[in-house]
Each structure stands twice: as structure tokens, then as C-alpha cells.
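Enquirer: Okay, sequence plus prediction incoming.
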Amino acid sequence: MNSANLDSFSMYVVSHKDFDPPAIDGYTPIAVGSLAIDPCCTFVRDNTGDNISAKNPNYCELTALYWIWKNDLSSDVIGFCHYRRYFSTSPICFNASCFLTGASASKTLLSHDLILPSPFYWPTRTVGENYYLGGMGHEEDLRVTRDVVAELTPEYLVAFDGVMISRSASYCNMLVAPRRLFDEYCSWLFSVLAEVEKRIDISCYSVQEARVFGYLSELLLNVWVSRNSLNTALLPVVNPERGFRGNAFDRLKNFRDKAKTRRG
């Protein structure tokens, strides 16, 4: 699928706290939030170079994604791991020996356009409903985002509507992509979010709801993939710090609990 040079692989692991990154060639920890200004931090920091680090409370891990897009200009393949979660060969293997390597990623990208997390399925809700019923944000956020997509890139509107009414999506803002696709995605994503940011008043949002742009981007990644008819390889995502239940069952339970709280 890809004719690009796949020799240079960089897998960035986003974190807002200190941790021991996997000892795998090409894996690079990148600090966001308070960790980025910690004088003791030895990681790559998202507040250097061309950056939007100050927006981390609202853009979440996207401040790291933006830094990579603007400052890593040499990697042929770029991977993005969300808060110490990793692509794995098995949903129940939390050892670094199972994590995606540069060689494996490059081999996969010879027959696929990009790599995404295995989808999460919502049995009783659509993806759009889960966004505002699951405690991530407000229904108005989706309406505003739809308006912006329709105005800036109307060719994406059918894909946007399709993702919102579907019952599954890839989450966590994780992907592995060759440089060309990575650049194309970031250019589209940040142009959409910049306009959405102008139109949403988050002054009364809770701390969690104020992470709106990070949450919206999880859905927009699926929109971008759908619109461009990309051939994706789907891999399990694991979080060694939380174990098996933390990767699926607890996530679903947490969303349900938040929804009950919002409904009173």
C-alpha cells in the first residue's frame, strides 16, 4: 500500500507523569502538562519548539501530537501511544516483548495504510450518543463540530454522520502511519479543531468536559479514516499499569457510571 521509505520509525509514548518507557528501539516518551515543565524531566517535552503545550487541559494528548507533527521532520513512520498504552500482539499480553516494534510496523504498513486500535463496540448506544451520555462532553459539541466539518471540508460530512450513528470506533487517539498520511491527518484535524475551539464556550464545563478537543479528536480520527477509505490494520491496545480489566471492562463500567451520574 505504501511506497514511502519505512526505515525510520518513531513511536511516541505520551505521559503526564514519570514512568519507565519500554526499552524498544524507536520508542520515545514525550511529556505533557505539568511534567513538561518539570526541571527533572528527561523526556522530550511538548512545550519546546513549535507547540500548543498550554492547551493541554483542553487538547489532552493532542498537544504532543501537534509537537510531533511540527517538530519531528525526519521520521518516515510515526506512532502515537496515548498515556502509556501500547499496541500489542495480544489483548492479554502486557509485557514489552509483545509491543509493536518498528520492524513489525513497517512490515504491516507494506500492506496497510495505517495501524489503529481494535474498535470498541457500544451495544446500546451509537458512537455519537456515547460521547455525550458517557460523560465526555455535550451534544452541542458534536453539533458544532459537524457544522465546522460541513463548512471547511464538506466532503467529510457523510463520513462524519456515518461514524456518529455507528456502534464502534477506534479510541485513544492512537495510530501508526507513514509520514505522508500522518501529515495529512494532522493538517485536517487541527484545522477543524481550531475552528471548533472558536465556537464552543467551555467556561462552565467541568474539568473532564473541558478536555473536549481531545475527546472530539478520538471520533474525528475515525471520520478521517472513513472518508479516505484507508485500509487499516487493527491491533489490541494494552495498559500494563491497569491490567486486563483496565483495558476493556473497567472502561465500559466507568462510562456507564458517569452516564448515571449525569442523568441523576
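Expert: Okay, I see it. The structure displayed is predicted, hence computed values, not measured ones.
Enquirer: All the strands of the stretch 1-150 of the chain, in order from the start?
Expert: Assigned by DSSP state E, counting those that start in this stretch, the strands in the stretch 1-150 of the chain fall at 9-15, 27-31, 44-45, 77-81, 86-87, 114-117, 120-121.
Enquirer: Compile the ones you listed into a markdown table and extend it with columns for mean pLDDT and distance to Val158.
Expert: To be clear about C-beta, it is placed using only N, CA and C from the backbone, and glycine gets the same treatment. Listed next are the strands of the stretch 1-150 of the chain as a markdown table, based on pLDDT from 0 to 100; distance: least, C-beta to C-beta, whole Å:
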| stretch | mean pLDDT | distance to Val158 |
| --- | --- | --- |
| strand 9-15 | 96 | 31 |
| strand 27-31 | 96 | 34 |
| strand 44-45 | 96 | 38 |
| strand 77-81 | 96 | 26 |
| strand 86-87 | 96 | 29 |
| strand 114-117 | 97 | 20 |
| strand 120-121 | 94 | 22 |
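Enquirer: Those strands into CSV, with extra columns for distance to Val223 and mean neighbour count?
Expert: Converted to CSV, these look like this (distance: least, C-beta to C-beta, whole Å; neighbours: other C-beta atoms under 10 Å):
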stretch, distance to Val223, mean neighbour count
strand 9-15, 21, 24
strand 27-31, 25, 22
strand 44-45, 29, 19
strand 77-81, 17, 26
strand 86-87, 21, 26
strand 114-117, 13, 24
strand 120-121, 16, 15
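Enquirer: give me every residue that touches Gly128.
Expert: By C-beta atoms under 8 Å, 6 or more residues apart in numbering, the contact set of Gly128 is Leu142, Val163, Met164, Ile165, Leu219.
Enquirer: now with 6 Å?
Expert: Leu142, Met164 (C-beta atoms under 6 Å, 6 or more residues apart in numbering).
Enquirer: distance of it from Ile68?
Expert: Counting by C-beta to C-beta, to the nearest Å, the gap from Gly128 to Ile68 is 28 Å.
Enquirer: if we can go back for a sec, to Val192, which of the strands of the stretch 1-150 of the chain lies closest?
Expert: Closest to Val192 of those, according to C-beta to C-beta: strand 77-81, at 17.7 Å.
Enquirer: How about residues contacting the closest one?
Expert: Taking contacts as C-beta under 6 Å, 6+ apart, the residues outside strand 77-81 that touch it are Leu6, Phe9, Ser10, Met11, Tyr12, Val13, Ala105, Met174, Leu175, Val176, Pro178, Phe182.
Enquirer: ranges for the strands of the stretch 151-264 of the chain?
Expert: Using DSSP E, counting those that start in this stretch, strands in the stretch 151-264 of the chain cover 168-169, 175-178, 232-235, 237-238.
Enquirer: Just want the most central residue of the protein.
Expert: When C-alpha atoms, centre = their mean is applied to the chain, the residue found nearest the centroid is Asn173 (0.9 Å).
Enquirer: Surely that one is in contact with His82?
Expert: Yes. Asn173 is within contact range of His82, at 5.3 Å (criterion: C-beta atoms under 6 Å).
Enquirer: any shared contact partners between those two?
Expert: Glu61.
Enquirer: ok, and what's touching stretch 18-28?
Expert: Residues outside stretch 18-28 that contact it (C-beta under 6 Å, 6+ apart) are Phe9, Ser10, Met11, Tyr12, Val13, Pro29, Val44, Arg84, Ala96, Phe99, Gly102.
Enquirer: Going by distance to Pro57, which of those wins?
Expert: Closest to Pro57, out of all of those and judged by C-beta to C-beta, is Arg84, at 19.0 Å.
Enquirer: how many other residues sit next to that closest one?
Expert: Per other C-beta atoms under 10 Å, the neighbour tally for Arg84 reads 19.
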